[in-house]
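Novice: Provided below are the primary sequence and the corresponding predicted coordinates.
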Amino acid sequence: MLALDQGTTSSRAILFTDEGRLSASAAFEFAQHYPRPGWVEHEPKDILDTTVRAIREAVQKAGISPAQIAAIGITNQRETTLVWDRLTGEPVYNAIVWQCRRTASIIQKLKDRGMAPMLHQKTGLVPDAYFSASKIRWLLDETNLQKRAENGELCFGTVDSYLAYHLVKGRPHVTDATNASRTMLMNLKTQDWDEELLRLFNIPRAMLPRIADTAETIGMLDEAFLGTEIPVTALAGDQHAALFGQACFEPGAVKNTYGTGCFMLMNTGDKPIQDDKGLLTTVAWRLNGKPTYALEGSVFIAGAAIQWLRDELGIIDSAGASEDLAAQVKDSGGVYFVPAFTGLGAPHWDMYARGTLTGLSRGTGRAHIARAALEAIAYQSNDLMRLMAKSLGHKPVSLKVDGGATANDLLMQLQADIAGISVLRPQVRETTALGVALLAGMGVGLFGTPEQAAKTWQLDRRFTPDSNVDLRQKRLGGWERAVKTALFEAQLRKEST
Ligand code: ADP
């Protein structure tokens, strides 16, 4: 199975055996464009070229014949918006990347008109410039192409859709339900583009792709790429693929990805659960026409706090060194670090909050601060998980983890202790790619059910929580005080400006 993982900074191709073992991989980075402060673009050609190069190199490294590949799955950076000419396939503008803030004012106007509750109720999303709808609107205005879009001469797509159009024979114009659920144009209940939302953004239906299941035969990889045709049988947004790759198939099953920030998703079964504290409701995947839903939350600053220790404070040489330094002390010595560099997200939502260090004493040293930074990643993730558990009505039995910072054993143990839950780290850390490979395997009939695909999930290590409940309560109390301090300071600052 070949997984194409098209991310924000690189395009990767990873081959897995039918037992879910990683066979070979290749990755190519590409340029980020920042035409103005807060604007982020990718060149569509770069997205496609690096993907094709990665495919060829991975197959070559694996030393296999392309005919041995049973199926291909595509997983991608979500929400990033492309518009291209239906006839030529030529993009009419650069890809507007999910991070791009250029459409913040479009969203603000909708909020001012009181549209937020309707948008949230229909799409599960909190109105924000991240999602594709406002980006499409901006792009059609900027290029003056509304008429051509209405005539069906243009295609909109997220990256999965763009790649499928260019890689698959017959140029299908298609996306999957997970990617569609991030556009802010899909109705979660009907699983279709929503007329009221299309009118609100004045986006013609004629430019929108068909919404396929997450595992479904999209078509055949054009033989121009590997000299043979191969079925493309899955499309999935990256976080959704990771949830699948972590075998989170039961309601309440949850995964957290520890990178620059954290992304937590919890399976909530066949019903979309709406939360009013800023969690998003999203399609986990859709199989045989049947959607499974998830709640999603993110921590803005996680691994980035460790980068800050390295790059600004200079108290460690590498992110990995945070573990040894923090292990020099048995606890943080009463120090709490709230890394609210860019404000606080769910459940507090205060964009004025800033980073806060509390509990410093004459004896506080580098090791205490490093430990407090690792703990902060775990506290913030725990706050999200508690919010999700409340919405769902019960606590998850365990937390599955992936991402770069999960290499840190101390962080994983702190997470188990702070959340009072077992933390399970899988052998394959490439869970996003594995997830879409398994979905592709399902699409081609290698696995009949998610449970069969799940047999490929192998535990690397289980981190069991400390049984000392009093200690946990004490720690959580300290964290809450520190967060309140950050919020109080934000309030005072707001009042004084
Ligand atoms: P992303 O996909 O967001 O770029 P990665 O999954 O590559 O992130 O993880 C990189 C992040 O994880 C960085 O912010 C880095 O500081 C942090 N990180 C990496 N290794 C460790 C470690 N051993 N301990 C703590 N943090 C780490």
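Specialist: Happy to help now that I have it. Numbering: from 1, shown residues only.
Novice: Show me which residues of the stretch 251-400 of the chain are close to the ligand?
Specialist: 259, 260, 303, 304, 306, 307, 319, 320, 322, 323 (CB under 6 Å from any ligand atom). Every residue, glycine included, has its C-beta placed from N, CA and C.
Novice: show me what contacts the first one?
Specialist: So the one you mean is residue 259. Contact partners of residue 259, counting by CB atoms under 8 Å, 6 or more residues apart in numbering, are 302, 303, 403, 404, 405.
Novice: Okay, and which of those map to helices?
Specialist: Counting by DSSP state H, the contacts of residue 259 place residue 303 in helices.
Novice: May I ask which of the contacts of residue 259 has the most neighbours?
Specialist: Counting neighbours by other CB atoms under 10 Å, residue 302 leads the contacts of residue 259 with 29 neighbours.
Novice: doesn't residue 405 make contact with that one?
Specialist: Yes - judged on CB atoms under 8 Å, residue 302 makes contact with residue 405 at a distance of 6.7 Å.
Novice: Overlap of the contact sets of those two?
Specialist: Taking CB under 8 Å, 6+ apart as the contact rule, residue 302 and residue 405 both touch 258, 259, 377.
Novice: Closest to residue 451 out of those residues?
Specialist: residue 258 (26.5 Å; CB to CB).
Novice: OK, contacts around that closest one?
Specialist: Residues counted as contacts of residue 258 (CB under 8 Å, 6+ apart) are 302, 303, 377, 381, 401, 402, 403, 404, 405, 406, 411.
Novice: Could I get these in a markdown table, plus columns for pLDDT?
Specialist: Below are the contacts of residue 258 laid out as a markdown table (pLDDT from 0 to 100):
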| residue | pLDDT |
| --- | --- |
| 302 | 93 |
| 303 | 93 |
| 377 | 98 |
| 381 | 97 |
| 401 | 97 |
| 402 | 95 |
| 403 | 90 |
| 404 | 89 |
| 405 | 94 |
| 406 | 96 |
| 411 | 98 |
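Novice: Give me the phi and psi for the closest residue to residue 270 other than its chain neighbours.
Specialist: If the residues on either side of it in the chain are set aside, residue 270 comes closest to residue 292, at 6.3 Å by CB to CB, 6 or more residues apart in numbering. Dihedral angles of residue 292 (phi, psi; degrees, to the nearest 10) stand at phi -110, psi 140.
Novice: So which of the contacts of residue 259 is the closest to residue 354?
Specialist: residue 302 (16.8 Å).
Novice: Skip ahead from the worst-scoring helix or strand of the chain on mean pLDDT and say which helix or strand is next.
Specialist: In the chain, no helix or strand scores lower on mean pLDDT, DSSP states H and E than helix 450-454, which sits at a mean of 82. The first helix or strand that comes after helix 450-454 along the chain, using DSSP states H and E, is strand 459-463.
Novice: Parallel or antiparallel, list what pairs with that following strand.
Specialist: Paired neighbours of strand 459-463 in the sheet (DSSP bridges): strand 422-426 (antiparallel).
Novice: which outside residues touch the partner strand?
Specialist: Counting by CB under 8 Å, 6+ apart, 246, 397-402, 406, 412-413, 415-416, 457-465 sit against strand 422-426.
Novice: before we move on, what about stretch 246-256?
Specialist: Against stretch 246-256 from outside (CB under 8 Å, 6+ apart): 242-243, 262-269, 284, 381, 384-385, 388-389, 392, 394-397, 399-403, 426, 431, 435, 450-451, 453-454, 457.
Novice: and the end-to-end length of that stretch?
Specialist: Using CA to CA, to the nearest Å, one end of stretch 246-256 lies 10 Å from the other.
Novice: centre of the chain versus it, how much separation?
Specialist: Offset of stretch 246-256 from its chain centre (CA atoms, centre = their mean, to the nearest Å): 15 Å.
Novice: got the buried residues for it?
Specialist: By 16 or more other CB atoms under 10 Å, the buried positions in stretch 246-256 come out as 246, 247, 248, 249, 251, 252, 253, 254, 255, 256.
Novice: Of the residues you listed, which belong to strands?
Specialist: Using DSSP state E, the members of these that fall within strands are 254, 255, 256.
Novice: what's the distance between the first one and residue 386?
Specialist: Pointing back at residue 254 there. Remark: distance between residue 254 and residue 386 (CB to CB, to the nearest Å) = 11 Å.
Novice: I'd like to know which of the contacts of residue 258 is nearest to residue 18.
Specialist: Taking the contacts of residue 258 together and measuring to residue 18 by CB to CB, the closest member is residue 402, at 21.1 Å.
Novice: Of the residues of the stretch 251-400 of the chain next to the ligand, which is the most crowded?
Specialist: residue 306 (29 neighbours).
Novice: all helices of the stretch 151-300 of the chain, in order?
Specialist: All helices of the stretch 151-300 of the chain, identified by DSSP state H, counting those that start in this stretch, fall at 159-167, 177-180, 195-201, 223-226, 238-245.
Novice: would a markdown table of those with distance to residue 313 be doable?
Specialist: Below are those laid out as a markdown table (distance: least, CB to CB, whole Å):
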| stretch | distance to residue 313 |
| --- | --- |
| helix 159-167 | 36 |
| helix 177-180 | 39 |
| helix 195-201 | 44 |
| helix 223-226 | 47 |
| helix 238-245 | 30 |
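Novice: Could you dump those into a markdown table and include distance to the ligand and mean pLDDT?
Specialist: Conversion of the helices of the stretch 151-300 of the chain to a markdown table gives the following (distance: least, CB to the nearest ligand atom, whole Å; pLDDT from 0 to 100):
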| stretch | distance to the ligand | mean pLDDT |
| --- | --- | --- |
| helix 159-167 | 16 | 98 |
| helix 177-180 | 19 | 98 |
| helix 195-201 | 30 | 97 |
| helix 223-226 | 26 | 96 |
| helix 238-245 | 10 | 96 |
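Novice: Same list, these, but as JSON lines with mean neighbour count please.
Specialist: Formatted as JSON lines, the helices of the stretch 151-300 of the chain follow (neighbours: other CB atoms under 10 Å):
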{"stretch": "helix 159-167", "mean neighbour count": "26"}
{"stretch": "helix 177-180", "mean neighbour count": "31"}
{"stretch": "helix 195-201", "mean neighbour count": "14"}
{"stretch": "helix 223-226", "mean neighbour count": "15"}
{"stretch": "helix 238-245", "mean neighbour count": "30"}
